[in-house]
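*Asks:* Mind folding the following:
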Amino acid sequence: MEVYKNNKLSFQETGWLKLDNAAKLFPAIVSKELTSVFRITATLNKPVNFKALKEAVEITAKRFPYFSVSLGSGLFWHFLEYNNRPPRIHVEEKIPCTAFAISRKDEPLYRILVKSNRISAEFIHILTDGSGAFEYFKSLLYTYLLLSGNTISSSEGIILPETPFSEEEIEDSYKKYFKKLPPPQKIAKAWHLPFALNDKPRFRIIKAEASVNELLTVARNHKVSITEYLTAVYLFSLQSIYLAEKEKGIRQKNHVLRTEIPVNMRNKIPCKTMRNFSLFILPEIDLRLGKYTFEEIIKIVYHFLQANSDLKQISRFLSSNVSYEKLIFIRVLPLFIKRMAIAAVYRGLGSKRFSGIFTNLGTIKVPGDMEDLIDSFALIPPPPNTSVKVSFSIVTFKDKIQITFVNITRSNELERLILTHLSESGIHIKLKSND
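*Replies:* Predicted coordinates for the structure are as follows:
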C-alpha cells in the first residue's frame with residue numbers, strides 16, 4: 001500500500017504546531033487521575049492479527065502526522081512538537097484511559113490497544129475530540145482489515161492512507177470561526193452527586209447495550225430525539241438521588257441539576273479540522289421550583305436543546321472561550337502563571353457548572369463490506385473529576401447502541417436508575433462484561 005508523502009507541510013518543516021483553543025485547558029489540569037484521555041473501541045468478528053495491525057498502525061500514522069506529536073513548552077504557551085513516531089501498541093490495560101507522560105518527547109499522545117478481537121485507540125484531548133479521533137480510527141480499521149486479507153469494495157467515508165491531507169485538517173477552527181459576540185448568560189453552580197469516592201485507582205466502567213429501534217420508538221413516542229430523551233432520563237435520575245438525600249434530612253447546598261452535552265461543531269460549520277472542535281449545551285432543572293415529572297423534564301429538555309443548539313446561540317461559547325485567549329494581558333503572562341490561573345479557574349468554576357456529562361457520538365458509518373467485519377463500536381469518556389464523579393456516553397452502530405458509564409465513586413445508583421428507567425420504558429438492556 002503506497003502512502004502519500006507531502007514535504008510542504010509547514011508544521012513538519014518547523015517541527016511544531018500551536019494548541020487549539022480547547023486544548024489549552026488540558027496541560028494545566030491533567031493528572032494521574034484526571035487524565036483527559038478517552039478510548040474508542042471496535043469489537044471485530046475475528047481475533048486481531050497483530051502483524052497486520054502493526055503494519056496498519058505504521059501506515060496510518062503517516063497519513064495523520066499531526067497526531068505524531070508530543071507536548072512542548074515555550075515562554076508563553078504550550079505547543080505540539082512533531083516527533084514523527086507511530087503510536088505504541090499495547091495489550092489492553094485493565095484500567096482504561098490511563099495518563100500519558102505528557103512531558104516525554106519520544107512518543108505521540110495517542111496509543112493503540114489490542115485484546116482478543118478488540119482494537120482500541122486512546123487519545124488525550126490535547127490532540128483531538130471524539131469525532132476527530134473516530135475519523136483516524138476508521139482509517140486505521142480499513143487499512144488493518146485490508147492487510148488482514150479482507151475485500152472491501154467501497155471506501156466511502158474513509159480517509160485513505162494514500163491520500164494527501166489538507167491544511168484545513170490542522171487548523172484551529174475555534175479561531176477561524178471566531179467573531180465577537182455577547183457572552184453566554186452566567187449560570188448558578190450545579191448540584192453534584194453525594195457519593196463517596198472509590199479508593200485509588202478510582203476509575204471503573206459499566207457497559208450496556210440497547211436496541212436502536214426500541215430506543216428510537218420510545219423517544220418518538222415522546223416526540224423527541226434519542227439525545228433529548230436520554231438527557232431527560234439523566235436529569236430525572238439525578239433528581240431521584242437529590243430528593244432521596246433531601247428526605248434523609250441532608251441539606252443540599254445547590255439546587256440546579258445541569259447536564260453538559262458536547263456538540264460536534266463540524267455538523268454546524270462545515271470544516272475538515274481533525275483537532276478539537278466541540279462546544280456544549282447545558283440543559284437544567286431548578287429544584288427550588290419543586291419536583292418535576294418526567295414529562296415536564298422531557299418538555300424542558302426538548303425546548304432547551306432546540307433553542308440553544310442553534311448556531312447563533314452556541315457560537316456565544318466559542319466567542320467567549322477565544323476572547324479570553326486574545327486578551328493582551330493573558331497573552332503576555334508567563335506560561336507557569338497561565339497554568340496556575342487556568343487550573344484555579346477550572347477548579348473554581350469549570351467543574352462546578354454541571355452535575356454530569358452525557359456524550360452522544362452519533363452513528364458510526366463505514367462501507368458495507370467493512371461493516372460486516374465489525375460487531376460494535378464504543379466510547380469510554382475521560383475519567384470525570386471529583387465534583388462530577390459520573391458521566392456516560394453512547395455510540396450507535398448498525399442496530400445497537402453501546403452505553404458506557406464511567407464512575408469514580410463507590411455507588412452505582414445513578415447507573416441503576418438510568419438503566420432501570422430505560423428497561424421499564426420497554427427498552428431491553430443487556431449488561432456487558434468488561435473483560
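
*Asks:* Would you point out the helix or strand in the protein whose mean pLDDT is lowest?
*Replies:* helix 328-331 (a mean of 54; mean pLDDT, DSSP states H and E).

*Asks:* What sits closest to Ile269 if chain neighbours are left out?
*Replies:* Leaving out its chain neighbours, the residue that sits closest to Ile269 by Cβ to Cβ, 6 or more residues apart in numbering is Tyr177, at 5.6 Å. Bear in mind the C-beta positions are built from the backbone N, C-alpha and C, glycine included.

*Asks:* For the one you found, give me its contacts.
*Replies:* Contacts here follow Cβ atoms under 8 Å, 6 or more residues apart in numbering; on that basis Tyr177 touches Ile269, Cys271, Ser315, Leu318.

*Asks:* cool, Phe317 as well?
*Replies:* Shown in contact with Phe317 (Cβ under 8 Å, 6+ apart): Pro184, Leu279, Phe280.

*Asks:* Quick check: mean pLDDT of the helix or strand that contains it?
*Replies:* For Phe317, the element it lies in under DSSP states H and E is helix 311-326. Over the span of helix 311-326, the pLDDT mean works out to 81.

*Asks:* So what does Ala99 have for phi and psi?
*Replies:* Geometry field for Ala99 lists phi and psi as phi -70, psi 150, criterion degrees, to the nearest 10.

*Asks:* do Phe123 as well
*Replies:* Per degrees, to the nearest 10, the backbone of Phe123 is at phi -120, psi 140.

*Asks:* gap between it and Cys271?
*Replies:* Here the criterion is Cβ to Cβ, to the nearest Å. By it, Phe123 lies 19 Å from Cys271.

*Asks:* Among these two, which residue is more densely surrounded?
*Replies:* Each of Phe123 and Cys271 has its neighbours counted (other Cβ atoms under 10 Å); Phe123 has more, 27 against 15.

*Asks:* Tell me the bridge partners for the more buried one.
*Replies:* Legend: beta-bridge partners of Phe123 under DSSP bridges are Phe38, Tyr110.

*Asks:* just to revisit the earlier point, can you tell me which of the contacts of Phe317 end up in helices?
*Replies:* Using DSSP state H, no member of the contacts of Phe317 falls within helices.

*Asks:* What does the pLDDT read for the most centrally placed residue in the chain?
*Replies:* The residue lying closest to the centre of the chain (Cα atoms, centre = their mean) is Gly130, at 4.6 Å. In this model, Gly130 is scored at 96, pLDDT.

*Asks:* OK, contacts around it?
*Replies:* Applying Cβ under 8 Å, 6+ apart, we find Gly130 in contact with Phe38, Ile40, Pro262, Asn264, Ser278, Thr359, Leu361, Leu379.

*Asks:* possible to save the residues you listed as CSV with distance to Ser411?
*Replies:* Formatted as CSV, those follow (distance: Cβ to Cβ, whole Å):
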residue, distance to Ser411
Phe38, 23
Ile40, 27
Pro262, 25
Asn264, 31
Ser278, 29
Thr359, 21
Leu361, 26
Leu379, 23
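
*Asks:* which one of the residues you listed is nearest Phe79?
*Replies:* The closest of the contacts of Gly130 to Phe79 turns out to be Ser278 (Cβ to Cβ; 21.0 Å).

*Asks:* any idea how far Ser139 is from that closest one?
*Replies:* 20 Å.

*Asks:* Looking at those two, which is more packed in?
*Replies:* Using other Cβ under 10 Å, the more surrounded residue of Ser278 and Ser139 is Ser139, with 21 against 18.

*Asks:* Angles on the backbone of Pro201, please.
*Replies:* Here Pro201 shows phi and psi, under degrees, to the nearest 10, equal to phi -70, psi 130.

*Asks:* Without its sequence neighbours, what residue ends up closest to it?
*Replies:* Nearest to Pro201 is Ile95, by Cβ to Cβ, 6+ apart, at 5.6 Å.

*Asks:* coming back round to it: can I get the buried part of the contacts of Tyr177 as one PyMOL selection?
*Replies:* Selection of buried members from the contacts of Tyr177 for PyMOL, criterion 16 or more other Cβ atoms under 10 Å:
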select buried, resi 315+318
